[in-house]
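Q: Next one to model:
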Amino acid sequence: MSWCASAGVVNPQTKLMPEASTPLAQGPEPEPRQRVLLVERLRKRRYWLHGLLLILTLLTTLTVGARLEYNFQHDLPAFTSETYVLPPLLARHSTEPVLIDLPFPLKWVWEHPQRLGLGIPFAFTLMGILLAHEMGHFVYCQRYGVYATLPYFLPGPLLSPIGTFGAVIRIKSPIRNRQALFDIGIAGPIAGFVVAVPVLLAGLALSKPLLPQASGSLINFGFPLVFHLAHWALHGLAPQVPPLGSIYLHPVGVAAWVGMLATALNLLPGGQLDGGHLVYSVAPRAHRRVTLAAVVALIVLSRLWYGWLIWAMILGLIARRHPAVPVWPDLDARRKAWSLVAVLLLALTWTPVPILLSN
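A: Got it, this is the predicted structure:
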């Protein structure tokens with residue numbers, strides 16, 4: 001989620017207005033008080049851009065989902081790669097065509113476009129989780145009178161093995177106090193998690209044992225704590241669900257896994273991620289120190305999974321500073337208690353090694 005605090009244009013010289021006052025007793029008339037009216041310019045929503053990105057992301061996630069569903073039905077490795085020729089602009093120093101393997105089945109779908117229909121369970125489930133997360137932020141922005149864009153879905157053709165890089169909204173007006181900051185920040189992770197939990201249960205129930213011929217997937221998942229708890233909860237209701245160590249996860253379950261990972265990444269305590277906003281709302285002065293501590297921790301964890309190094313760079317280089325939010329009034333006790341819910345969600349959805357790449 002991207003937050004951009006850009007207030008409307010205010011001219012204090014032309015917006016100072018006298019406020020009439022009636023003296024209660026005889027004597028010198030008090031000077032008129034002044035009040036400042038903050039006028040925020042109206043913005044037009046770019047519905048065409050939101051719609052275009054939504055359609056493109058739907059197509060890319062349908063493409064990935066179709067291959068996942070086909071492979072699941074035929075007991076083939078879940079994630080496979082296709083070979084593409086690198087464009088001459090990117091291979092200008094080579095006299096021979098440069099081939100690159102990417103985990104995006106574009107050519108496979110291009111051969112038979114009707115295959116896209118197979119991707120509906122994965123695509124709709126994943127985009128539903130992402131939409132719930134961003135709309136959680138958006139609804140609370142509306143509640144507090146903070147101007148925010150509608151969600152921008154980010155398509156991920158060729159480069160993303162799940163077909164998307166997620167979704168973001170942009171906040172384009174100041175947040176008036178730490179209470180609003182806290183509510184806006186925590187609403188997204190809770191909304192996304194609430195949608196992802198039943199999806200996770202359904203995905204596990206639809207899964208099946210992993211057969212030997214399907215064990216060569218390009219990408220394998222590390223399961224967070226919430227997967228283990230959901231598997232335990234389903235043991236009595238769906239005893240046919242195989243152990244997580246030998247499970248072929250249904251595409252709906254894959255979408256739930258992505259949703260849980262997105263929740264964990266957003267709750268990393270630093271920068272302008274949701275977790276960073278929560279840290280700032282609870283303890284503004286500690287935000288910078290907590291962000292630096294998170295960066296160091298991620299660098300250490302990158303020895304287990306290189307992706308943490310990328311997130312350390314995001315926190316350290318891009319999102320270290322936080323937009324100004326008034327320090328007073330202080331956050332109330334109820335919201336401070338709710339911050340423990342964010343810690344719990346991070347503990348449930350985080351795993352030290354989310355992705356394992358096969359050789």
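Q: hey, let's count contacts and neighbours off CA atoms from now on
A: Fine.
Q: Low-confidence stretches in the stretch 51-200 of the chain?
A: Where the stretch 51-200 of the chain drops to pLDDT under 70, the residues are 88-95.
Q: can you give me the strands for it?
A: Taking DSSP state E, counting those that start in this stretch as the test, the strands found in the stretch 51-200 of the chain are 82-85, 99-102, 152-155, 164-168, 170-171.
Q: name the helices or strands packed onto the first one?
A: In terms of contacts (3 or more CA pairs under 8 Å, 6 or more residues apart in numbering; DSSP states H and E), strand 82-85 is packed against strand 99-102.
Q: Buried residues, stretch 264-283. List them.
A: Going by neighbour count (16 or more other CA atoms under 10 Å), the buried part of stretch 264-283 is 264-283.
Q: sorry, back to before: which of the strands of the stretch 51-200 of the chain sits closest to D75?
A: The closest of the strands of the stretch 51-200 of the chain to D75 is strand 82-85. By CA to CA, the value is 18.4 Å.
Q: Walk me through which strands the closest one pairs with, and which way each runs.
A: strand 99-102 (antiparallel) (DSSP bridges).
Q: Mind putting the strands of the stretch 51-200 of the chain into JSON lines with distance to G259 and mean neighbour count?
A: Shown next, in JSON lines, are those (distance: least, CA to CA, whole Å; neighbours: other CA atoms under 10 Å):
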{"stretch": "strand 82-85", "distance to G259": "25", "mean neighbour count": "14"}
{"stretch": "strand 99-102", "distance to G259": "22", "mean neighbour count": "14"}
{"stretch": "strand 152-155", "distance to G259": "14", "mean neighbour count": "22"}
{"stretch": "strand 164-168", "distance to G259": "9", "mean neighbour count": "21"}
{"stretch": "strand 170-171", "distance to G259": "20", "mean neighbour count": "20"}
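Q: Relative to G216, which of the ones you listed is closest?
A: Closest among the strands of the stretch 51-200 of the chain, using CA to CA: strand 82-85, at 14.7 Å.
Q: residues in contact with the closest one?
A: Applying CA atoms under 8 Å, 6 or more residues apart in numbering, the external contacts of strand 82-85 come out as 97-105, 107.
Q: So for the one helix or strand A347 maps to, mean pLDDT?
A: A347 belongs to helix 333-349 when elements are defined using DSSP states H and E. The average pLDDT within helix 333-349 is 96.
Q: Just the residues contacting that helix, thanks.
A: Under the contact criterion CA under 8 Å, 6+ apart, helix 333-349 has outside partners 179, 182, 186, 189, 224-226, 260-261, 263-264, 267-268, 275, 278, 282.
Q: please redo it, this time with the cut-off set to 10 Å
A: 179, 182-183, 185-187, 189-190, 193, 223-229, 257, 259-269, 274-275, 278-279, 281-283 (CA atoms under 10 Å, 6 or more residues apart in numbering).
Q: one step back: nearest to L356, out of the strands of the stretch 51-200 of the chain?
A: Of all the strands of the stretch 51-200 of the chain, strand 99-102 sits nearest to L356, with 15.8 Å by CA to CA.
Q: hey, C-alpha coordinates of that closest one in PDB?
A: Output of strand 99-102 as PDB, limited to C-alpha atoms (Å, rounded to 0.1, in the frame of the first residue of the first chain):
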ATOM      1  CA  LEU A  99      16.900 -17.600 -24.200                       C
ATOM      2  CA  ILE A 100      15.400 -17.100 -20.800                       C
ATOM      3  CA  ASP A 101      13.100 -19.400 -18.700                       C
ATOM      4  CA  LEU A 102      10.200 -17.600 -17.000                       C
END
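Q: Give me the next element, helix or strand, following the helix holding A347.
A: With secondary structure assigned by DSSP H and E, helix 333-349 is succeeded by strand 355-357.
Q: Sheet-wise, list the partners of that next one with their directions.
A: Applying DSSP bridges, strand 355-357 is found paired with strand 219-221 (antiparallel).
Q: what is the rounded mean pLDDT of the partner strand?
A: The pLDDT scores in strand 219-221 average 95.
Q: Next, the buried residues of that strand.
A: Across strand 219-221, burial judged by 16+ other CA under 10 Å covers 219-220.
Q: Could you do stretch 326-335 as well?
A: Neighbour count says stretch 326-335 has 327, 331, 335 buried, by 16+ other CA under 10 Å.
Q: V139 contacts G188, correct?
A: Yes - with contact defined as CA atoms under 10 Å, V139 counts as touching G188 (9.3 Å).
Q: what about W311, how many residues close to it?
A: Residues near W311, counting by other CA atoms under 10 Å, number 18.
Q: Run through the residues that contact it.
A: W311 is in contact with 265, 268, 294-295, 298-299, 302, 317, counting by CA under 10 Å, 6+ apart.
Q: Quick check: V194 touching I129?
A: Yes - under the criterion of CA under 10 Å, V194 makes contact with I129 at 8.9 Å.
Q: Who has more neighbours out of these two?
A: Between V194 and I129, counting by other CA under 10 Å, I129 is the more crowded of the two (27 against 14).
Q: shouldn't the more buried one be in contact with V195?
A: Yes - using CA under 10 Å as the test, I129 is close enough to V195 to be in contact (6.0 Å).
Q: separation between Y306 and V139?
A: According to CA to CA, to the nearest Å, Y306 stands 35 Å off from V139.
Q: From the centroid of this structure, which residue is nearest?
A: The centre of the chain sits closest to A262, judged by CA atoms, centre = their mean, with a distance of 4.7 Å.
Q: My guess is that residue contacts L131. True?
A: No - using CA under 10 Å, A262 makes no contact with L131, being 11.9 Å away.
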